[in-house]
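Participant: Fold the following.
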Amino acid sequence: MRGIILHHTVTANHATVADIDNMHKERGFLGVGYHYLVRYDPDLETWHYQAGRDVHELGAHCHGKNDWIGVAVAGNYHLHELPQGARYVLVELLAELCAMHDIEPQYIHEHRLYANTLCPGRYIVSELPSIRAELNAILP
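Facilitator: Below you'll find the model as predicted:
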């Protein structure tokens, strides 16, 4: 993997991988295009992440960058601020992925760099420099 592409789903923040899988199939994809989904679990009242498409399979999330890992955060982060719980889990997941796949934080990009889209929303984009700095501080 060369890097990580960040997305938001523009769904409810408690959308599941199964929900996204169904949504992507309705759009003509073979299934969920993201490798990971950060989501809120209303039953547990906590944020966590779920695996989507196998990380060793080509994604279906960003034309020209589907060989990069696709990470989505459930919700609309162009309209709503990124909750602290979601940010914490996102940083935890990104740290794991960077360490496992030897990815430097500078290669974590927002979807909008490669497509005419607002994805992953202005609130995730505004957090990205501090997320990268945090990752640089904790990664070896």
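
Participant: Which neighbouring elements make contact with the helix or strand bottoming out on mean pLDDT in the chain?
Facilitator: Least confident helix or strand, the chain: helix 17-26 with a mean of 95, by mean pLDDT, DSSP states H and E. Judged by 3 or more C-beta pairs under 8 Å, 6 or more residues apart in numbering; DSSP states H and E, helix 17-26 has no packing partners among the helices and strands. Where C-beta positions appear, they are placed from N, C-alpha and C, glycine not excepted.

Participant: Can you point out the buried residues in it?
Facilitator: Buried residues in helix 17-26, counted by 16 or more other C-beta atoms under 10 Å: 17, 19, 20, 21, 23, 24.

Participant: Output these in a markdown table, with distance to residue 127 appended to each entry.
Facilitator: Shown next, in a markdown table, are the buried residues of helix 17-26 (distance: C-beta to C-beta, whole Å):
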| residue | distance to residue 127 |
| --- | --- |
| 17 | 23 |
| 19 | 24 |
| 20 | 22 |
| 21 | 27 |
| 23 | 25 |
| 24 | 25 |
